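S.K.: Got a predicted structure here, sequence first:
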Amino acid sequence: MFRFFQRLQWKLTLSYAVVTVGTVLVLAGLSVGIALYTESQTTSRIFSSFYWSKTAFQDNLPYLLNDPQALQSWLNRIQSQGFAWSDFQSYVVRESLDYANTLVTGSQPIYVLDPEFKLVAAAPLADPTALGKPFNPRQAGGLGLESILEAARVGDKNYYAQSFTRPDGSYIAAFPLRKTDDEPVTAIVVYTLKPVLFATPTNLSLYTTFFVVIAVIITLVALPVGALFGWLASRGLRKRLARLSSAAQAWSQGDFSAAPSDRSGDEIGELTRALNRMAEQLQTLLHSRDELARVEERNRLARDLHDTVKQQTYATRMQLFAARNLVGTNPQQAGEHLEAALQLNRETQQELKLIIDELRPAALQGKGLAQAVQDYTGRWQEHTGIKVNVTVRGDRALPLEVEEALFRVLQESLANVARHAEAENVEIQLAFSPDTACLEISDNGCGFDPDKVPAGSLGLLGMRQRLADVGGALKIESQLSAGTTITAAVQLPANLI
């Protein structure tokens, strides 16, 4: 199941769905955050405090103005205890009562004035004789109270014209009381509101519930919609990538007939066209490499045939000519020439057998490199009479191209020993390590000076090229009269380690 969701199409589907839901949730959270921030601002909370305290006075004072004793009693309770639920005629939520109770109680008095600014009631009432007399705003609230009283008397609805801030951060409000906006002001209430500081928004629970509901709805609706859109959008992309993957697998197996077509102008289309061009170039390169390998092999065979079979055939022919000329006059000497011709013929046959063996790579015989080396050196020892000792350490399977390259190096090296080294013994070591395959061939022959070998020597050049093609290297160590050691080492691919 988890492998199924690791596929590109489902990864894109889930990412579309998650991004869709996440984006909408972020927008919803941002909206709620803006609303909470706006509600928590000082201006908003000051206005709410003024509005709900004014509502409480408006719901009660019109019925108490004609009863001074009841009015005084109600004001005393409000000034000492604050507003209660019974002070509101209309339904209000708890937060509204909290806003109304930002009224400063105990330390700051509440004044009720008539439109002529005469004192009608006060709580606490320190001087009963002040009732009915003109109100002294300077003595009650200080400089600035006159302006808000005047604004209240004319019925100014602008809250900021009916309040001012004291040095301690509290607000003195002058609220005009009237039944409707068209009727004249019947009374003015002067009271003090507490300083309003930044606090937790009053409707936090409401906003939280709203956000949770929106989040659930968005998740249930946007998640499948986003997943469907992601699945549809990624289906075409998956098909295009699948065609590329199929073509790459065919190319890895040597089949270059697969050529995916993608005419779109996006990055996948550009990648498809680039890979097609690469496949064409790779196919051309492989053909060129095969052709060069065939040319090299023909050149090597031509050289081997020239150095051995051709020379021996020519020598055999000369012996036969000599025998024909002597067969009538000196039969005994003619017989010696015939025997020499037979010996040369046997040597030619052996050389031809060696060349035929070289044309059959070890890996094609299904034996593995170690067994092929054992078999080939056994036959070579019989043909040449040179003793061979083979040591194998850590035998393991190798890629076909690596086995062929090492086997060709072995063939070329032993051919050189037979033709030029004049050796009596050959030591061959084939060693396998976790990351390297190494073939070492040592003889006790006459040796040679590696620095004096012609740069175009086909034998050494061919061995170096074969090893370079499989990531290997050739090392030659030789001294005159001390023998020669040839080491071929190939670094194995990482996936075989």
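M.R.: Nice, thanks for sending it over. Residues are numbered from 1 along each chain as shown.

S.K.: only C-alpha atoms for contact and neighbour calcs from this point on.
M.R.: OK.

S.K.: which stretches of the stretch 301-450 of the chain have low pLDDT?
M.R.: Scanning the stretch 301-450 of the chain for pLDDT under 70 picks out the ranges 304-308, 355-366.

S.K.: Going by residue numbers, what spans are strands in the stretch 1-150 of the chain?
M.R.: Applying DSSP state E, counting those that start in this stretch to the stretch 1-150 of the chain gives strands spanning 110-113, 119-123.

S.K.: Show me what the longest helix anywhere in the chain is packed against.
M.R.: The longest helix of the chain (DSSP state H) is helix 204-252. On a contact count with 3 or more C-alpha pairs under 8 Å, 6 or more residues apart in numbering; DSSP states H and E, helix 204-252 meets helix 8-40, helix 267-304.

S.K.: and the strands of the stretch 1-150 of the chain, which is most packed in?
M.R.: strand 110-113 (a mean of 24; mean count of other C-alpha atoms under 10 Å).

S.K.: Which of the three states applies to the residue of the chain positioned farthest from its centre?
M.R.: Farthest-out residue of the chain from its mean C-alpha position, per C-alpha atoms, centre = their mean: residue 329, at 95.4 Å. Here residue 329 is coil, with the state taken from DSSP: H, G, I helix; E, B strand; the rest coil.

S.K.: Can you pull the phi/psi pair for it?
M.R.: phi -100, psi -40 (degrees, to the nearest 10).

S.K.: care to break the chain down by domain?
M.R.: What automatic domain parsing lists as the domains of the chain is 42-193, 364-497.

S.K.: Make CSV from these and add distance to residue 300 to it.
M.R.: Listed next are the domains of the chain as CSV, based on distance: least, C-alpha to C-alpha, whole Å:
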stretch, distance to residue 300
domain 42-193, 98
domain 364-497, 7
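
S.K.: To residue 325, which of those lies closest?
M.R.: In terms of C-alpha to C-alpha, the element of these nearest to residue 325 is domain 364-497, at 32.0 Å.

S.K.: for the helices and strands packed on helix 204-252, which one sits closest to residue 377?
M.R.: helix 267-304 (18.5 Å).

S.K.: So which elements touch the closest one?
M.R.: The contact analysis (3+ C-alpha pairs under 8 Å, 6+ apart) places helix 267-304 against helix 204-252, helix 458-469.

S.K.: tell me which residues in that helix are buried?
M.R.: Neighbour-count burial for helix 267-304 flags 268, 269, 272, 273, 275, 276, 279, 283, 296, 300, 304 (criterion: 16 or more other C-alpha atoms under 10 Å).

S.K.: what's the angle from that helix to helix 204-252?
M.R.: Angle, helix 267-304 to helix 204-252, by axes from the mean of the first three to the mean of the last three C-alpha atoms, to 10 degrees: 30 degrees.

S.K.: If I take helix 267-304 and helix 458-469, what angle do their directions form?
M.R.: 160 degrees.

S.K.: give me the number of residues near residue 376?
M.R.: Residues lying near residue 376 (other C-alpha atoms under 10 Å) number 17.

S.K.: What residues sit buried inside the helix or strand where it lies?
M.R.: Element membership for residue 376 (DSSP states H and E) is helix 369-384. Across helix 369-384, burial judged by 16+ other C-alpha under 10 Å covers 369, 370, 372, 373, 374, 376, 377, 380, 381, 383, 384.

S.K.: Now do the same contact list for residue 386.
M.R.: With contact set as C-alpha atoms under 8 Å, 6 or more residues apart in numbering, residue 386 has these partners: 423, 424, 425, 426.

S.K.: try residue 247
M.R.: By C-alpha under 8 Å, 6+ apart, the contact set of residue 247 is 258, 259, 260.

S.K.: so how far is residue 118 from it?
M.R.: Distance, residue 247 to residue 118, using C-alpha to C-alpha, to the nearest Å: 100 Å.

S.K.: Then residue 269?
M.R.: 90 Å.

S.K.: What's the separation between residue 435 and residue 489?
M.R.: Per C-alpha to C-alpha, residue 435 is found 10 Å from residue 489.

S.K.: Comparing these two, which residue is more hemmed in?
M.R.: Neighbours were counted for residue 435 and for residue 489 using other C-alpha under 10 Å; residue 489 has more, 20 against 13.

S.K.: Just confirm the more buried one is within a strand.
M.R.: Yes: counting by three-state DSSP, residue 489 is part of a strand.

S.K.: Apart from its chain neighbours, what residue comes closest to it?
M.R.: In space, and not counting its chain neighbours, residue 489 is closest to residue 438: 4.3 Å by C-alpha to C-alpha, 6 or more residues apart in numbering.

S.K.: residue contacts, the one you found?
M.R.: Going by C-alpha under 8 Å, 6+ apart, residue 438 touches 429, 430, 431, 432, 487, 488, 489, 490.

S.K.: Tell me the one of those nearest residue 134?
M.R.: Checking the contacts of residue 438 against residue 134 by C-alpha to C-alpha gives residue 490 as the nearest, at 114.5 Å.

S.K.: Tell me if I'm right that the closest one and residue 466 touch.
M.R.: No: counting by C-alpha atoms under 8 Å, residue 490 stays clear of residue 466, with 10.6 Å between them.

S.K.: Now stretch 429-446: buried residues?
M.R.: Those would be 430-432, 437-446, for stretch 429-446 by 16+ other C-alpha under 10 Å.

S.K.: Are we agreed that residue 258 is in a helix?
M.R.: No: counting by three-state DSSP, residue 258 is not part of a helix but coil.

S.K.: How many residues are close by residue 341?
M.R.: 23.

S.K.: is it true that it lies in a helix?
M.R.: Yes: assessed with three-state DSSP, residue 341 lies in a helix.

S.K.: The closest residue to it other than its chain neighbours and residue 263, how far apart?
M.R.: Among residues not flanking residue 341 along the chain, residue 316 sits closest, at 4.7 Å (C-alpha to C-alpha, 6+ apart). With distances taken as C-alpha to C-alpha, residue 316 is found 69 Å from residue 263.
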